[in-house]
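S.K.: Below is the sequence, then the predicted model.
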Amino acid sequence: MPAETLTITDNRTGKSYEVPIQDETIRAVDLRQIKVDAEDFGLMTYDPAYMNTAACKSTITFIDGDKGILNYRGYPIEQLAEDGSYLETAYLLWHGQLPTAEQLAAFTAEVNANLALPENFGRLYDGFGRDAHPMSLLMAGFAAMASAYPECKKVLDKETRARQIFRGLAQAMTLGAWGYRYRKGLPMVAPRPDLSFAANFLYMLFEKEADPRLVHAVDTLFILHADHEQNCSTSTMRLVGSSQADPYSSLAAASAALYGPLHGGANEAVLRMLRHIGSVENIPAFIEKVKAGEGRLMGFGHRVYKNYDPRARIIKHAAEEVFAVTGKNPLLEVASELERIALHDDYFVKRKLYPNVDFYSGLIYEALGFPAEMFTVLFAIPRVSGWLSQWEELMCDEDQKIGRPRQIYLGEGKRDYVPLADRK
């Protein structure tokens, strides 16, 4: 059998090095032995945006972007969305196995027992204007939880971590609902432990029990957004957590990363695009402008997926379920026709630009009555289950140390200080 190694020849010195290959990777530190002379630091890799660098080993989420596959702990996202629930998925991400009926009941009861926020949180939002962005309120809420639960600093204690994970899962939803109500000048609605997670969320938002079809659609969206491998916000959760920061501070940081328009705000951009197009008749002209470099086709393409995002198909079906209750959004016709044309146009096919998760999700959120500012919060609430599962995995990984990427210094060499009066 061939050796599981990579032989590298440094043409500067003529010396060869044999580097072990494990799990289809080489360790970056193994390159440090490649030097021109003994005083060299050694060879490093340069990888802006981490396009081809694995920073961790994980057993949580698997993505094959070329084939359009997304699995949680080995289970296809299509099966989980069809037959599972969000809390069942949250249990799976955290524990690695689907729960039994008894385990799910206990898990749900523990989440419900932690829905209420600390008593002093009533004053937290008073320092914000009513027009504060809901993501700012959510980040502030997570940061405040770090003070409300001081035991959360004991990140190396397994039982303490478990309590914080339950609180994080539950209170992310309550914080999101609280932010929505605060912006509207409405009093908070207390959670109802007798309702499912998604039903409870809609009840706390709108102060009434929602149609079961809407509850099912929200639950499906929560499943689809629960985790997505080492994206920007998840990597942030891990990087901040690597300093042994408490989980709530790490959640605040991950939420800040998600807040960016290139990450969690993409579905809002899709709605703006669809409104700009206006009607089906305007699509051909819009497509030609995109091809000419005069616009962007929002909601198409993905850093990972070079095939149809598997979440997009499920969300499209969920949209139809929602519109059966709320009435059809006229933009759905524009979106469907835009998708049809793009999927058959060589320009987009050659570039492997397929609909992603953001293409239809904004239409659903709008139909449910959410303002665009809430869209990223609706992304963040279920993603907390993935963030916390990734954080727990980090805490148990003996390979991990505090994160500190290297840099390539290209600045000035040594210079001597010149007194202010002598500078020209």
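M.R.: Cool, got the structure. Keep in mind that what you see is a predicted model, and the values were worked out from it rather than measured.
S.K.: May I ask you to confirm that Leu399 is in contact with Ser58?
M.R.: If you look again at residue 399, you'll see it is Asp, not Leu. No. Shown here, Asp399 and Ser58 do not form a contact pair, counting by C-beta atoms under 8 Å, at 11.4 Å. Bear in mind the C-beta positions are built from the backbone N, C-alpha and C, glycine included.
S.K.: Surely Thr376 touches Ala269?
M.R.: No. The criterion here is C-beta under 8 Å, and Thr376 misses it with Ala269 at 11.5 Å.
S.K.: Compare the two and say which one has the larger neighbour count.
M.R.: Ranked by neighbour count (other C-beta atoms under 10 Å), Thr376 and Ala269 place Thr376 first, with 25 against 17.
S.K.: pLDDT wise, what is the more buried one at?
M.R.: On pLDDT, Thr376 comes in at 93.
S.K.: looking at this, it is in a helix?
M.R.: Yes. Assessed by DSSP: H, G, I helix; E, B strand; the rest coil, Thr376 belongs to a helix.
S.K.: and the helix or strand where Ala269 lies, what does it pack onto?
M.R.: Following DSSP states H and E, one finds Ala269 within helix 266-277. The contact analysis (3 or more C-beta pairs under 8 Å, 6 or more residues apart in numbering; DSSP states H and E) places helix 266-277 against helix 283-291, helix 330-344, helix 358-367, helix 375-395.
S.K.: Need the single longest helix in the chain, by residues.
M.R.: helix 158-183 (DSSP state H).
S.K.: now it: mean pLDDT?
M.R.: 96.
S.K.: what is the orientation angle of it with helix 375-395?
M.R.: Going by axes from the mean of the first three to the mean of the last three C-alpha atoms, to 10 degrees, helix 158-183 is angled at 170 degrees with respect to helix 375-395.
S.K.: Report the buried residues of the helix holding Ala269.
M.R.: Within helix 266-277, the residues scored as buried using 16 or more other C-beta atoms under 10 Å are Ala266, Asn267, Glu268, Ala269, Val270, Leu271, Met273, Leu274, Ile277.
S.K.: cool, and stretch 17-32?
M.R.: So, applying 16+ other C-beta under 10 Å, buried residues of stretch 17-32: Ile26, Asp30, Leu31.
S.K.: That stretch spans what distance, first to last residue?
M.R.: Taking C-alpha to C-alpha, to the nearest Å, stretch 17-32 runs 11 Å from one end to the other.
S.K.: mean confidence for it?
M.R.: For stretch 17-32, the per-residue pLDDT averages 93.
S.K.: got it, and stretch 221-232?
M.R.: 95.
S.K.: Same check on stretch 333-346?
M.R.: Mean predicted lDDT for stretch 333-346 stands at 86.
S.K.: on that earlier part again, return the closest of the buried residues of helix 266-277 with respect to Ala81.
M.R.: Nearest to Ala81, judged by C-beta to C-beta, of the buried residues of helix 266-277 is Asn267 at 17.5 Å.
S.K.: from what I can see that closest one touches Tyr365, true?
M.R.: Yes. Counting by C-beta under 8 Å, Asn267 touches Tyr365, with 7.2 Å between them.
S.K.: Next, show the common contact partners of these two.
M.R.: The contact sets of Asn267 and Tyr365 overlap at Phe375 (C-beta atoms under 8 Å, 6 or more residues apart in numbering).
S.K.: Give me the distance from the helix holding Ala269 to the chain's centre.
M.R.: 20 Å (C-alpha atoms, centre = their mean, to the nearest Å).
S.K.: circling back: compare the helices and strands packed on helix 266-277 and give me the one nearest Arg12.
M.R.: Here helix 375-395 is closest among the helices and strands packed on helix 266-277 (C-beta to C-beta), at 37.5 Å.
S.K.: Remind me what that closest one packs against, helices and strands.
M.R.: Against helix 375-395 (3+ C-beta pairs under 8 Å, 6+ apart) you get helix 86-95, helix 134-148, helix 158-183, helix 212-224, helix 232-241, helix 247-259, helix 266-277, helix 358-367.
S.K.: Redo the ones you listed as TSV? Include distance to Ala342.
M.R.: Output for those, formatted as TSV (distance: least, C-beta to C-beta, whole Å):
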stretch	distance to Ala342
helix 86-95	30
helix 134-148	30
helix 158-183	32
helix 212-224	21
helix 232-241	25
helix 247-259	26
helix 266-277	12
helix 358-367	10
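S.K.: Of all those, which one comes closest to Ser16?
M.R.: That would be helix 232-241 among the helices and strands packed on helix 375-395, by C-beta to C-beta, at 34.0 Å.
S.K.: report the angle between the axes of that closest one and helix 247-259?
M.R.: 150 degrees.
S.K.: List the buried residues in helix 232-241.
M.R.: Cys232, Ser233, Thr234, Ser235, Thr236, Met237, Arg238, Leu239, Val240, Gly241.
S.K.: Turn these into CSV, including distance to Tyr248.
M.R.: Below are the buried residues of helix 232-241 laid out as CSV (distance: C-beta to C-beta, whole Å):
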residue, distance to Tyr248
Cys232, 19
Ser233, 15
Thr234, 16
Ser235, 18
Thr236, 14
Met237, 11
Arg238, 15
Leu239, 16
Val240, 11
Gly241, 11
